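1. sharing a sequence plus its predicted fold:
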Amino acid sequence: MARIVLLSGGGIKSAVCAWRYAQNNDLTLAHLSFGQASSTAELRASGLLAESLPSAKVVPLLLPHVTSLQRGGESDVPSPGAAGVVGTMSNHLDSETLSPAVLAGVTPMMLVVGVQVALRVGASVVVSGLTRTAPGEHLGLPQANPQTDNRREMLHGMNVAYDALLSQKTRITIETPLIDLSYPEIVQLAARFDLPLGECWTCCSSSATACGACEPCVARGKAFAHARTVDPATTDLPLS
């Protein structure tokens, strides 16, 4: 049984990637909290996702330096989350006002941390749910289009770097299985495989229910509409 690390935000893309890699693999869902208001909800959704898979566990990781940078270098003390899980932060930042200068490096940093987790658990693959066409301003990613999208180049460069850094015995590859799919296509895949979409968290807020107005919520709504699929999160089903 191979060991796989998946960077999980508890959303639909994470669920599709998890379903793809969970079959006959030992899957570690790494959730990274960098002060985003949605951190607790994301971690909860990742836990629910892990429970629905044959062999998966969640590893919550705290990245306090991002919050410190956002506050101009002030220190921030991490606090235990629900049930004593150290994976949330005190004084969450507002995800919609995070500095673009700080967020610009969040995605590659997450991949680097994913590789560190892989080295710790003995995994050979780190999986990210990056797509080519989905927006990502809330994670420091520009609106993707064929003329300006450099995500493939970034991923290739990181894989080349780790090939040079690590020995053949500990080789780790970063994979992005959704890179050629649009958000509606990902939603269609999730619906086809009957994934628990109502438990997938997308919102930037810390509320018990999705706000429906932030960038990820709007993108999710458009994706379901284009996929001609009903979003269970918009029904009376609970999100937690």
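-> Happy to help now that I have it.

2. and M154, how far from I4?
-> When distance is defined by Cβ to Cβ, to the nearest Å, M154 is 21 Å away from I4. Heads up, the C-betas are built off the backbone N, CA and C, glycines and all.

3. which of these two has more neighbours?
-> Ranked by neighbour count (other Cβ atoms under 10 Å), M154 and I4 place I4 first, with 24 against 15.

4. give the rounded mean pLDDT of the helix or strand in which that one is found.
-> Element membership of I4 [criterion: DSSP states H and E] is strand 2-7. Averaging pLDDT along strand 2-7 gives 95.

5. how far off centre is it?
-> 13 Å (Cα atoms, centre = their mean, to the nearest Å).

6. for that strand, which positions count as buried?
-> Using 16 or more other Cβ atoms under 10 Å as the test for burial, strand 2-7 gives 4-7.

7. hmm, who's touching stretch 160-172?
-> Outside stretch 160-172, the residues within contact range by Cβ atoms under 8 Å, 6 or more residues apart in numbering are 115, 118-119, 123-126, 173-174.

8. quote the end-to-end distance of that stretch.
-> 10 Å (Cα to Cα, to the nearest Å).

9. repeat that for stretch 119-129.
-> Stretch 119-129: ends 20 Å apart by Cα to Cα.

10. contacts for it next, please.
-> Residues from elsewhere that reach stretch 119-129 (Cβ under 8 Å, 6+ apart): 2-7, 9, 11, 13-14, 16-17, 21, 28, 110-111, 114-115, 117-118, 170-178.
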